[in-house]
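In: this is a predicted model, with the sequence first.
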Amino acid sequence: FDAAEMWEARHTPEDKPFNLEHNQNDIIGHITGCVAANENFEPISDSASSTSLPDPFHIITTAVLYKIWEDPDRQARMDRLIAEIAHGRWFVSMEALFHGFDYSIKTAKGHRLVSRNEKTAFLTKHLRAYGGDGIYEDAQIGRVLRKIVFSGKGLVKKPANPDSVILESANASGYELP
């Protein structure tokens, strides 16, 4: 994610669904709030400019899980999920919609961004997201998403981002959004 793009999208997760393993048909809760924070999890002022952001910064979301279910099987599953969350067995993963992307190219010499246009669009077939191997001419290639809207959050076993951890569980006193 590009820092400026994330900054613009920082408020978009609020009031979005929380699902299990990115299954949009398996909603288990919803996101109740969000705040941008530095690496020590201290809130960043909303008046900060995108050029003054710390590197890295995070978008912290708060959420509720639907703890009471009429269906006994779903209730047993939720009880198990809550217990497993408390034991650190689950992570979170944001879901994002986007309008366009550019390319991130990483070589031994460094990292650069390449705008996606008619001349560079052939690089798309090399992206892992589109069936490629993520390599082009001995360089790693990835997407830099543009015009992001965070559309939900998944409770997952394997997050794409290792920093996507659950900071506190429902039974902990905790982090409050400003």
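Out: Arrived safely.
In: what about the longest strand in this structure?
Out: strand 23-37 (DSSP state E).
In: packing partners of that strand?
Out: The helices and strands touching strand 23-37, judged by 3 or more C-beta pairs under 8 Å, 6 or more residues apart in numbering; DSSP states H and E, are strand 17-20, strand 58-65, strand 149-156. Just so you know, the C-beta spots here come from the backbone N, C-alpha and C atoms, and that holds for glycine as well.
In: make it 7 Å
Out: If you count contacts as 3 or more C-beta pairs under 7 Å, 6 or more residues apart in numbering; DSSP states H and E, strand 23-37 packs onto strand 17-20, strand 58-65.
In: point out the most buried one among those.
Out: strand 17-20 (a mean of 19; mean count of other C-beta atoms under 10 Å).
In: which other residues reach that one?
Out: Strand 17-20 has contacts (C-beta atoms under 7 Å, 6 or more residues apart in numbering) with 26, 27, 28, 29, 30, 31, 63, 152, 153, 154, 155.
In: thinking the last one is in contact with residue 93, fair?
Out: In other words, residue 155. No: with contact defined as C-beta atoms under 7 Å, residue 155 and residue 93 do not form a contacting pair (8.1 Å).
In: and the two? which has more neighbours close in?
Out: residue 155 (23 against 19; other C-beta atoms under 10 Å).
In: which residues does that one bridge with?
Out: Beta bridges link residue 155 to residue 20, residue 92, judged by DSSP bridges.
In: helix, strand or coil: sort out residue 78 for me.
Out: Residue 78 falls in the helix class when you classify it by DSSP: H, G, I helix; E, B strand; the rest coil.
In: any idea how far residue 72 is from the residue positioned nearest the centre of the chain?
Out: With distances taken as C-alpha atoms, centre = their mean, residue 94 lies nearest the centre of the chain, 2.9 Å away. From residue 94 across to residue 72, the span is 31 Å (C-beta to C-beta, to the nearest Å).
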